[in-house]
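>>> Need coordinates for the below:
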Amino acid sequence: MNLIDEIEKLKKEKRAVILAHNYQRAEVQDIADYVGDSIELSRKAMLEQDAEIIVFAAVDFMAESAAVLNPEKKVLLPSLGARCPMAQMLTVDEIKRLKVHYPDAPVVLYVNTLASSKAYCDICCTSANAVEVVNSLDADTIIFGPDRNLSEYVAEQTGKTLIPIPEWGFCPTHLLFQPEDVTVLKQKYPDAVVMVHPECSKEMRQTADFIGSTSKMCRYARETPAKTIIVGTEEGLLHRLQKENPEKQFTIAYSDAVCPNMKLLTLDRVYASLKEEKHVVKIPEQIAIKARGALERMFQVKS
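Okay, here's the model as predicted:
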């Protein structure tokens with residue numbers, strides 16, 4: 001029996017579901033029950049009434065969100081090293097410090113934060129609904145973190161004042177994209193359209209025909225008549241894009257744009273996690289209750 005068959009066998013025996021983020025290795029995406037962005041996957045987990053175990057093939061904050069939203073299920077993160085650098089940049093102390101300076105400003109946190117930070121915010125957002133979440137608030141000044149580029153993009157779209165927290169929070173992978181790489185690719189593919197993630201720099205966003213989350217990129221790729229698409233996000237998304245659109249050509253804007261933390265999750269580690277039921281994601285109850293409230297308020301915003 002090969003490894004994929006072993007994983008399938010264990011899934012049935014343990015009533016488990018495997019969720020894989022769009023940035024995962026191709027073989028991990030292919031073994032997953034669902035592939036999507038972080039909140040898409042957490043919502044899927046909430047709907048899996050029969051599942052007892054969730055294997056979350058992603059990074060720490062995503063598995064934490066699944067655990068917060070599904071307290072009755074066992075959530076497993078196959079590798080403890082799969083930590084999101086950006087999520088580590090924001091601390092509870094930093095949130096408290098900024099609230100002293102802006103006591104009336106609501107705190108909006110990107111889901112790319114740890115549960116401990118989510119517990120101190122008013123509402124969460126994803127890159128897919130950040131604009132709608134900010135527009136839903138009756139405030140002109142908003143504390144927003146931890147990604148400065150996303151904060152800048154949302155401020156442009158809403159006209160509101162967003163105070164970035166921390167001041168220079170960023171995704172190391174998305175900062176690798178540079179506009180000169182798009183210029184070179186456009187010379188090779190003059191009819192190509194460019195789509196980029198809002199975590200990219202302003203200069204990179206200015207090269208784009210479309211700016212959006214990974215889920216919105218997938219939708220745009222299906223709907224655009226363009227046959228060649230230059231992609232400005234982590235290279236793992238290209239596997240899904242190509243599977244869903246075999247008649248189109250996808251080119252990564254920068255070939256080394258790889259998140260090493262996402263790529264820590266291999267089939268071997270998924271198998272070991274499921275077999276040994278490790279590593280269980282545990283969130284202290286008081287933190288989980290507050291973080292759940294912030295996530296649930298986000299779900300109530302129409303996007």
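>>> okay but Pro164 is in contact with Tyr153, surely?
No. Pro164 is beyond contact range of Tyr153, at 11.4 Å (criterion: C-beta atoms under 8 Å). Every C-beta, even on glycine, is put in place using the N, C-alpha and C of the backbone.
>>> Break this protein into its domains for me.
Taking automatic domain parsing as the domain assignment, the ranges for the chain are 3-83+262-283, 86-170+289-299, 174-252.
>>> which residues of the stretch 201-303 of the chain fall in helices?
Along the stretch 201-303 of the chain, counting by DSSP state H, counting those that start in this stretch, helices occupy 202-205, 214-223, 237-244, 267-276, 285-299.
>>> comparing the domains of the chain, which gets the lowest mean pLDDT score?
Among the domains of the chain, domain 3-83+262-283 carries the lowest mean pLDDT, a mean of 94.
>>> Measure how far that one is from the centre of its chain, please.
With C-alpha atoms, centre = their mean, to the nearest Å as the basis, domain 3-83+262-283 stands 14 Å off its chain's centre.
>>> how long is that domain end to end?
31 Å (C-alpha to C-alpha, to the nearest Å).
>>> export the helices of the stretch 201-303 of the chain to CSV and tack on mean neighbour count and distance to Val100?
Formatted as CSV, these follow (neighbours: other C-beta atoms under 10 Å; distance: least, C-beta to C-beta, whole Å):
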stretch, mean neighbour count, distance to Val100
helix 202-205, 18, 29
helix 214-223, 18, 35
helix 237-244, 18, 39
helix 267-276, 18, 41
helix 285-299, 18, 19
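>>> how about the residue most central in space within the chain, what does it touch?
For the chain, Ser38 is the residue whose C-alpha lies nearest the centre (C-alpha atoms, centre = their mean; 4.6 Å). If a contact means C-beta atoms under 8 Å, 6 or more residues apart in numbering, then Ser38 has His21, Ala58, Phe61, Met62, Ser65, Val111, Asn112, Thr126 as its contacts.
>>> swap the cut-off to 6 Å and go again
Met62, Val111 (C-beta atoms under 6 Å, 6 or more residues apart in numbering).
>>> what do you get for Glu27?
Leu267.
>>> just checking, it is part of a strand?
No. Glu27 is assigned helix when assessed by DSSP: H, G, I helix; E, B strand; the rest coil, not a strand.
>>> Distance of it relative to Glu8?
13 Å (C-beta to C-beta, to the nearest Å).
>>> hang on, the earlier thing: so which of the helices of the stretch 201-303 of the chain comes closest to Lys73?
helix 285-299 (12.8 Å; C-beta to C-beta).
>>> Give me the helices and strands touching the closest one, please.
Where contact means 3 or more C-beta pairs under 6 Å, 6 or more residues apart in numbering; DSSP states H and E, helix 285-299 is packed against helix 60-69, helix 115-118, strand 123-125.
>>> Turn these into a markdown table, including distance to Gly232.
Output for the helices and strands packed on helix 285-299, formatted as a markdown table (distance: least, C-beta to C-beta, whole Å):
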| stretch | distance to Gly232 |
| --- | --- |
| helix 60-69 | 21 |
| helix 115-118 | 27 |
| strand 123-125 | 20 |
